[in-house]
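Peer 1: below are the sequence and a predicted model for it; my questions follow.
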Amino acid sequence: MNYQEPAESSPQNSKLDIIDLPDEQRQLVNWITRQQKVSLSEVSSHLNITEELAQQQLQILINQGFIQESEDSQLVCYQPRFAPQKKSKLSQNIWNKL
């Protein structure tokens, strides 16, 4: 099953959307999420592939909206990109009674 890339105007993915990714991509997104911020060389080392192939994998996930590229002290880093979680519509009073 091929994962289709969402249109650029689509909203960001939620953490649950990771489930729909192929195994390799899902594992990479989960790893980046745990690390919070990674460099291309770290991804390359983690996947045990060349930086060129790692860049291709990252670009796919960027296009799908699962990660984003950022610059940190002139070093390009990659970090997770998820839609903010919605707050509960239940009032605090109800939660307190539960």
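Peer 2: Thanks, I have the structure now.

Peer 1: how about the strands in the protein?
Peer 2: Secondary structure of the chain (DSSP state E): strands at 38-39, 67-72, 75-80.

Peer 1: the second one: how far from the chain's middle?
Peer 2: For strand 67-72, the gap between its own C-alpha mean and the chain's C-alpha mean amounts to 11 Å (Cα atoms, centre = their mean, to the nearest Å).

Peer 1: contacts for that strand, please.
Peer 2: 29, 32, 37, 58, 61, 62, 76, 77, 78, 79, 80, 81 (Cβ atoms under 8 Å, 6 or more residues apart in numbering). Yep, even glycine has a C-beta here, placed from its N, CA and C like the rest.

Peer 1: just the last one next, same as before
Peer 2: In this structure, residues lying in contact with strand 75-80 by Cβ under 8 Å, 6+ apart are 29, 32-33, 36-40, 43, 58, 62, 66-71.

Peer 1: and the residues you listed, which are buried?
Peer 2: 29, 32, 33, 38, 39, 40, 43, 58, 66, 67 (16 or more other Cβ atoms under 10 Å).

Peer 1: not counting residues beside it along the chain, what's closest to the third one?
Peer 2: This points to residue 33. residue 80 (4.4 Å; Cβ to Cβ, 6 or more residues apart in numbering).

Peer 1: cool, and the last one?
Peer 2: Nearest residue to residue 67 in three dimensions, chain neighbours excluded: residue 61, at 4.7 Å (Cβ to Cβ, 6+ apart).

Peer 1: what about that neighbour, how many residues nearby?
Peer 2: 20 (other Cβ atoms under 10 Å).

Peer 1: do the same with residue 76
Peer 2: Residue 76, neighbours per other Cβ under 10 Å, totals 12.

Peer 1: same question, residue 28
Peer 2: For residue 28, using other Cβ under 10 Å, the count is 25.

Peer 1: contacting residues around it?
Peer 2: Residue 28 touches 43, 46, 47, 57, 61, counting by Cβ under 8 Å, 6+ apart.
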